[in-house]
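# Fold the following, please.
(2 chains)
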Number of protein chains: 2
Amino acid sequence: MNRKGILVVVSGFSGAGKGTLMKELLHRYDNYALSVSATTRNPREGEEHGREYFFLTDGEFEKLIEEDQLIEYARYVNHYYGTPKEYVLEQMEAGKDVILEIEIQGALKVKEKFPDTLLLFVTPPSAEELRRRLINRGTETMEVIEARLKRAGEEAESMDGYDYLLVNDKLEDCVEDMHRLIQAQHLKTSFQKDFVNQMKKELKQR
Amino acid sequence: MNRKGILVVVSGFSGAGKGTLMKELLHRYDNYALSVSATTRNPREGEEHGREYFFLTDGEFEKLIEEDQLIEYARYVNHYYGTPKEYVLEQMEAGKDVILEIEIQGALKVKEKFPDTLLLFVTPPSAEELRRRLINRGTETMEVIEARLKRAGEEAESMDGYDYLLVNDKLEDCVEDMHRLIQAQHLKTSFQKDFVNQMKKELKQR
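Predicted coordinates for the structure are as follows:
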């Protein structure tokens, strides 16, 4: 059976552990591809074109918009951020399940354009644990941490819009849950239309 | 977390191997309960009340209908067949994923009443393989086999209405697919409403 990839959007609170989760998933299984976003902001130290982001000029980015080459895009603080369509579709065609790590607004836009997209939301087991993780990172001031928690409170209002919720308690379990969940989606009737039509045809020809 | 069971409806072509599949699933995992149907037909040799069916009188069955005690019911060849609600809800409350093996018409009725029901359709990998299995059973005449294949052709038209399609090629794989698929459904946002509300509350109280 020619099995195409699935488009998976992953969102979640800052501090939920999305980054580690994704890294571990891609490390363990080779049927995933991570989508690389495009942006017009400048690369930070250590960031590489085509790895962290595709770094584009405003002109290049606007050309992608005009040509409908982006699955979704947004403008934050004078810079564009978006998801180039070509790479995602290529990888799906090649059978890879493609993961987009994007914000809630973008996630809902993707689902509108591609209704078969799987929307996952990653969350720690409690607000207290979220706070603890943000503090334990040790990289942010308490002011930044409080701002992130406030933001999490706003984002929580959109959790219901996601198809599935992954509670990231133990990383090990969460990676496996995520993998099994995505793989189970391949059994969806809507992803097996060719098989369904073939079966109908064969049974009719008898 | 207080985890309630999921309602799972399994349908499929006669000869797809549903019976063996279910038997194996219940043998391997103890988190499932098989719903027992009620009927007004007479028990056949070896059938036990409460195991194969709850054998009821017409009066008893009609009382269940009047009291809205059935999830779905239908009348075939002068006999009633239906799914008593009480047992199903009890088992789900106790955390068991409850499996109903019913026909397509009944399946759609259940989904209407309980929109969170998971609808699974079991099919062999091809029409040719379905025919082979029906013949290999060796229990039916060619006439009966042809009638079942004709019926399968009609049933195939409703496959699209199911959420997921399980291709029963190798029993071993199919049992595991089914188990993983059902377990993954527990991650659905709609099944984790208590957690979502708790999280919203905690983040707001900060």
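# In chain A, where is pLDDT below threshold?
The model of chain A has pLDDT under 70 over residues A:1-2, A:206.
# That one: helices as residue ranges?
A:18-28, A:58-66, A:85-93, A:104-113, A:127-137, A:142-156, A:171-185, A:193-205 (DSSP state H).
# Rebuild these as JSON lines, extending it with mean neighbour count and distance to A:Thr40.
Heads up, the C-betas are built off the backbone N, CA and C, glycines and all. Below are these laid out as JSON lines (neighbours: other CB atoms under 10 Å in any protein chain shown; distance: least, CB to CB, whole Å):
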{"stretch": "helix A:18-28", "mean neighbour count": "16", "distance to A:Thr40": "23"}
{"stretch": "helix A:58-66", "mean neighbour count": "13", "distance to A:Thr40": "5"}
{"stretch": "helix A:85-93", "mean neighbour count": "16", "distance to A:Thr40": "17"}
{"stretch": "helix A:104-113", "mean neighbour count": "17", "distance to A:Thr40": "16"}
{"stretch": "helix A:127-137", "mean neighbour count": "16", "distance to A:Thr40": "28"}
{"stretch": "helix A:142-156", "mean neighbour count": "15", "distance to A:Thr40": "23"}
{"stretch": "helix A:171-185", "mean neighbour count": "18", "distance to A:Thr40": "31"}
{"stretch": "helix A:193-205", "mean neighbour count": "15", "distance to A:Thr40": "38"}
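# Would you mind measuring from A:Gly19 to chain B?
20 Å (CB to the nearest CB, to the nearest Å).
# what's the answer for A:Gly138, then?
Separation of A:Gly138 from chain B (CB to the nearest CB): 20 Å.
# Can you get me a residue count around that residue?
6 (other CB atoms under 10 Å in any protein chain shown).
# A:Lys85 contacts A:Glu67, correct?
No: look at A:Lys85 against A:Glu67 with CB atoms under 8 Å: they stay out of range, at 9.5 Å.
# got the contact list for A:Leu56?
Contacts for A:Leu56 (CB atoms under 8 Å, 6 or more residues apart in numbering or on different chains) come out as A:38-40, A:64, A:80.
# State the distance from it to chain B.
35 Å.
# Phi first, then psi, for that residue.
Torsion angles at A:Leu56 (phi, psi; degrees, to the nearest 10) stand at phi -120, psi 160.
# can you check A:Glu48 too?
phi -120, psi 140.
# Around it, count how many other residues there are.
9.
# now swap in A:Val98 and tell me
22.
# Test of understanding: give the bridge partners of it.
Per DSSP bridges, the residues bridged to A:Val98 are A:Leu7, A:Ala33.
# can you list the residues of chain A near chain B?
Within chain A, the positions near chain B by CB under 8 Å from any CB of the partner chain are A:121, A:123, A:126-128, A:130-131, A:149-150, A:152-153, A:156-157, A:159-160, A:162-167, A:177, A:180-181, A:183-184, A:187-189, A:192, A:195-196, A:198-200, A:202-206.
# please redo it, this time with the cut-off set to 6 Å
A:127, A:149, A:152-153, A:156, A:159-160, A:162, A:164-165, A:180-181, A:184, A:187-189, A:192, A:196, A:199-200, A:202-204, A:206 (CB under 6 Å from any CB of the partner chain).
# one step back: and the furthest pair within the contacts of A:Leu56?
Using CB to CB, the two most remote members of the contacts of A:Leu56 are A:Thr39 and A:Leu64, lying 11.4 Å apart.
# Find the nearest non-adjacent residue to A:Val122, please.
A:Gly12 (3.3 Å; CB to CB, 6 or more residues apart in numbering or on different chains).
# Go ahead and confirm that neighbour touches A:Lys18.
Yes: contact criterion CB atoms under 6 Å: A:Gly12 and A:Lys18 qualify, at 4.9 Å.
# list the residues that contact both of these two?
A:Val122 (CB atoms under 6 Å, 6 or more residues apart in numbering or on different chains).
# Check the separation of the first and last residues in stretch A:53-64.
This stretch, stretch A:53-64, spans 15 Å end to end (CA to CA, to the nearest Å).
# Can you report how many residues neighbour A:Gly17?
So A:Gly17, with other CB under 10 Å, has 20 neighbours.
# if I look at it, how far off is A:Met142?
20 Å (CB to CB, to the nearest Å).
# now swap in A:Lys193 and tell me
Distance, A:Lys193 to A:Met142, using CB to CB: 53 Å.
# Could you do A:Leu64 as well?
Separation of A:Leu64 from A:Met142 (CB to CB): 39 Å.
# which residues touch A:Gly5?
When contacts are counted by CB under 6 Å, 6+ apart, A:Gly5 touches A:92, A:95-98.
# picking that back up, so of the contacts of A:Leu56, which ones are in strands?
The members of those that map onto strands under DSSP state E are A:38-39, A:80.
# out of the residues you listed, who's nearest B:Thr117?
Among the ones in strands among the contacts of A:Leu56, A:Ala38 lies closest to B:Thr117 (CB to CB), at 41.5 Å.
# In contact with that closest one, which residues are there?
A:54, A:56, A:82, A:84.
# My read is that A:Glu72 contacts A:Lys109, right?
Yes: at 4.2 Å, A:Glu72 and A:Lys109 qualify as touching, with contact defined as CB under 6 Å.
# Spatially, what comes nearest to A:Ala152 if we skip its sequence neighbours?
Leaving aside its chain neighbours, A:Ala152 sits nearest to A:Phe13 (4.4 Å; criterion: CB to CB, 6+ apart).
# burial measure for the one you found, as a count.
26.
# do the same with A:Asn78
A:Asn78 has 8 nearby residues by other CB under 10 Å.
# Backbone dihedrals for it, both of them.
Residue torsions, per degrees, to the nearest 10, at A:Asn78 are phi 70, psi 10.
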